[in-house]
Each structure stands twice: as structure tokens, then as C-alpha cells.
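Asks: Need coordinates for the below:
(one chain, ligands or ions: 3)
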Amino acid sequence: MAPTLADPFHDSSALREFVINQGNGVKGLSELGLTALPKQYIQPLEERTCMSNIVPQESIPIIDMSNWEDPHVAKSICDAASKWGFFQIVNHDVPIEVLENVKDATYKFFGLPAEVKNKYSKEQSSSNNVRFGTSFTPQAEKALEWKDYLSLFYVSEEEASALWPSVCREQVLDYMNKSKVVIKQLLQVLMKGLNVDEINDTKESLLMGSMRTNLNYYPKCPNPELTVGVGRHSDVSTLTILLQDEIGGLFVRENDGDNWIHVPPIKGSLVINVGDALQIMSNGRYRSVEHRVVANGSNNRISVPIFVNPRPADVIGPLPELIASGEKPIYKQVIYSDYVKHFFRKAHDGKKTVGFAEL
Ligand SMILES: COc1cc(/C=C/C(=O)SCCNC(=O)CCNC(=O)[C@H](O)C(C)(C)COP(=O)(O)OP(=O)(O)OC[C@H]2O[C@@H](n3cnc4c(N)ncnc43)[C@H](O)[C@@H]2OP(=O)(O)O)ccc1O
Ligand SMILES: O=C(O)CCC(=O)C(=O)O
Ligand SMILES: [Fe+2]
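Replies: Numbers count the residues shown, from 1 in each chain. Ligands and ions are numbered 1, 2, ... in the order given. Predicted coordinates for the structure are as follows:
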């Protein structure tokens, strides 16, 4: 049968060839002007965002970082990390031009021809530290996600100069470097909230020894209600610093229940969330909370998370200071790269990754 514009990708191998092998991504699908979502992206009902589960009157905290050392501000940061696992920060000293430049650079990267972006795919990239991809783990997913991404793991300025795409390299490095000040402030406050007063070099390396920046591109989707931009997951980081554009679509789970709260875009703000590594190191005091992104029928959307992590070879577990104070550990010691590999080997599955470290 001849392909139709409604479903030219009835055959999954044709879809894989176009989206993954040729590097067109979902951006390429979106730009074909399809009238219906290819069936490979149709998510089961329980994974779609249902309006009746959204609580419009709720909101995650918004914290002004200009007086971050003030005990009231510090308390609101620790409370937000314990209760919500998510908050937004304003007046954080990352210059607005740096944020605007990295958003422009994201559009520039995804605007490159498919064959140029595809040079950074898993198959063609000269390093595992630079990866252009689509969905989350397409080989492990029953239903694909409507998102393309570029993932940049930072090793050194030299490696970035040699390997990262030139259209976004400087802007991502600048965003990462300028964010370090607020990352350190947040970690200092969060550690103090656990009665860990000194962040020595070893502890700093454990909390923020590696960084990965992803550029996420969610193209306009023909049937947004049938799919997801990103499925329910918690991040495996210590902290994530997320820059989103003005479109919206990020939802956070409220108190482990069935209700979801929208994270409204605020110009110049950054969204902060606790990742699994901090949940484990804080012995469950700070919570990495499930979140998801809806697809959008009218607009393209971008976001730029910085995942602040331990180093791959670090062993993570409840911090010794917490155990010394008499707390019973609820997590075991795990090698961080084993934890991350476990996350990347399966489709998004909410909070299940943390089970890998549970005692
Ligand atoms: C993409 O959509 C996402 C991503 C996310 C991400 C959320 C985070 O919190 S990312 C922070 C992760 N932490 C780190 O990167 C720091 C620690 N790094 C490591 O431990 C290692 O660098 C490594 C990530 C484990 C890779 O080590 P390596 O020795 O190179 O291992 P491999 O065998 O090559 O890879 C293992 C496995 O993972 C897949 N993978 C690797 N990198 C990525 C990547 N950047 N994005 C997606 N998948 C990746 C790789 O393909 C391997 O899988 P196979 O099936 O091929 O075996 C949140 C939400 C999203 O939607
Ligand atoms: O795009 C967003 O708002 C969130 C993306 C996300 O959760 C992630 O990349 O881990
Ligand atoms: Fe996430």
C-alpha cells in the first residue's frame, strides 16, 4: 500500500531509518507536516497527562537567592528540597544574556541539517561524552517519546573544544561555568540542613564532581494528547539546574499522589530539582521527585538541564555524618556509573531506578 501523509511510518523499520539512522529525529517528523502521530509514539493511557490530575492552584516554591545565606532563605531551600524536591530560583546571578545565548545556541544546533547533527549520534560520535539522540532509550521503549536531545558530558575545556559542536560549545560552557556559583551556594545550604557544615574537596567532588548538559528539543506534535515529551522519571543527578523557555509543559508529581503541578516559565529563573544521588546521600531527607513533560500541539519547546553529579567512579551512599549521628541507612553503597547505567538501560519508569540502591 502506498504511504499516506497520515501514517507514512506504519512500518517501524522505515520510522527508525528516518528518525534514528538518518538523524532526522522527531524534529524531522514534525517538519513533514504529518496529520497524525505515528503509532510508535502512542503512549499507554496511564502515561498520558490527564487534565483531571492537574492541580492549577498549586505551585512549587519560588526562592529569591539574593540573600541565600539568610537563615529564612536557607530554611526555605531545605524545606523545598524535602517536601517538593523541586523549586524555582530568581536573582541567582547567572546573567540573563548567558541564559538567552544558550537558548539561541540550542535552536542553532537543532537547526543544523540532519546529517550534520547525526555526526554526534551514538553510532557516529567519536566520543561517548557527546551524544545526539531522540526519545530516551529507543531500544528499550515500547512507546517512544517526542523529544530530541544533545547530551554533553564535561571532561575539560580542551575536550569540549575538540569534540563539542561549535554552534553551541561556548554558550554551553559559559552557562555551565556561570551556574557553578549558585550550584555551590545551594549545596552549601543543603548540606548545612543535614548538619554537614564543611564541604571539603572530597565532599565537593562527591556532590558535584561531574556535569552533563543536555539540550532538549520538543517539536510541535500532531496529536500531543496521545504522547509525552518526556515520560515520568526522576533524575539520577545530585541536583539538576533547568533552564526552560516560555512555552511551559513541565509537570511535577505532588506528594507521591496522582496529582501533577505545572512549573510555570518565569523569565530569568532556573528550575532546581533534587536528583536520586542526593536522595541517596541524604538518606532520603531530600527527595528526587517524578516529573514529566507534555508534548505541545502549537509550539516547539526547548529546555537546557545541567545535571550536577558525582563522578562516574565514585561510590555513593548515605553520608557518613548522617550515619554517625545515629540514622539507620536506607540505601546501600553503589558505584555511581552502575547506577546511571541501570537508569539508561530501561525506559523511563518513574521512581523505580532508586530501587537499585535500596537496602
Ligand atoms: C536522554 O534523555 C534523558 C536524560 C536524562 C538524564 C538525566 C540525568 O540525570 S543525566 C546525569 C547522568 N550522570 C552522568 O552522566 C555522570 C556519570 N556518568 C557516567 O556514569 C557515565 O558517563 C555513563 C553515563 C554511565 C556512560 O558511561 P560509559 O562507560 O560511556 O557507558 P556506556 O556503556 O557507553 O553507556 C551506558 C548506557 O547508557 C547509555 N547512555 C550513555 N550516555 C547517554 C546519554 N547521554 N543519554 C542517553 N543514554 C546514554 C548508553 O547508550 C548505554 O546504553 P546501551 O543500551 O547502549 O548499553 C533524563 C531524562 C531524559 O529524558
Ligand atoms: O524539559 C524539561 O522541562 C525537563 C526535562 C527533564 O526532565 C530532563 O531532561 O531530565
Ligand atoms: Fe528530568
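Asks: list the contacts for T49?
Replies: T49 makes contact with V228, F251, W260, R292, V294, according to C-beta atoms under 8 Å, 6 or more residues apart in numbering. The C-beta positions use only the backbone N, C-alpha and C, and glycine is treated the same way.
Asks: Okay, and which of those map to strands?
Replies: Counting by DSSP state E, the part of those found in strands is F251, W260, R292.
Asks: of these, closest to ligand 2?
Replies: The closest of the ones in strands among the contacts of T49 to ligand 2 turns out to be R292 (C-beta to the nearest ligand atom; 7.6 Å).
Asks: And P61, its phi and psi?
Replies: In terms of degrees, to the nearest 10, the main-chain angles of P61 are phi -60, psi 150.
Asks: same thing with P305?
Replies: Dihedral pair for P305: phi -80, psi 140, per degrees, to the nearest 10.
Asks: My guess is it contacts N216. True?
Replies: Yes. Contact criterion C-beta atoms under 8 Å: P305 and N216 qualify, at 7.2 Å.
Asks: Neighbour count, distance to ligand 1 and pLDDT added to the contacts of T49, as CSV?
Replies: Below are those laid out as CSV (neighbours: other C-beta atoms under 10 Å; distance: C-beta to the nearest ligand atom, whole Å; pLDDT from 0 to 100):
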residue, neighbour count, distance to ligand 1, pLDDT
V228, 27, 10, 98
F251, 20, 14, 97
W260, 22, 17, 96
R292, 22, 10, 97
V294, 24, 13, 97
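Asks: Looks to me like Y217 is in a strand.
Replies: Yes. Counting by DSSP: H, G, I helix; E, B strand; the rest coil, Y217 is part of a strand.
Asks: And it, how far from ligand 1?
Replies: To ligand 1, Y217 is 11 Å away according to C-beta to the nearest ligand atom, to the nearest Å.
Asks: give me the number of residues near that residue?
Replies: When counting by other C-beta atoms under 10 Å, one arrives at 23 neighbours for Y217.
Asks: Quickly list what it is bridged to.
Replies: Y217 has these beta-bridge partners by DSSP bridges: D148, I302.
Asks: ok, it - contacts?
Replies: By C-beta under 8 Å, 6+ apart, Y217 lies in contact with G25, K27, T106, F110, K147, D148, Y149, N300, R301, I302.
Asks: Mind doing that once more with 6 Å?
Replies: Neighbour list for Y217: F110, D148, I302 [criterion: C-beta atoms under 6 Å, 6 or more residues apart in numbering].
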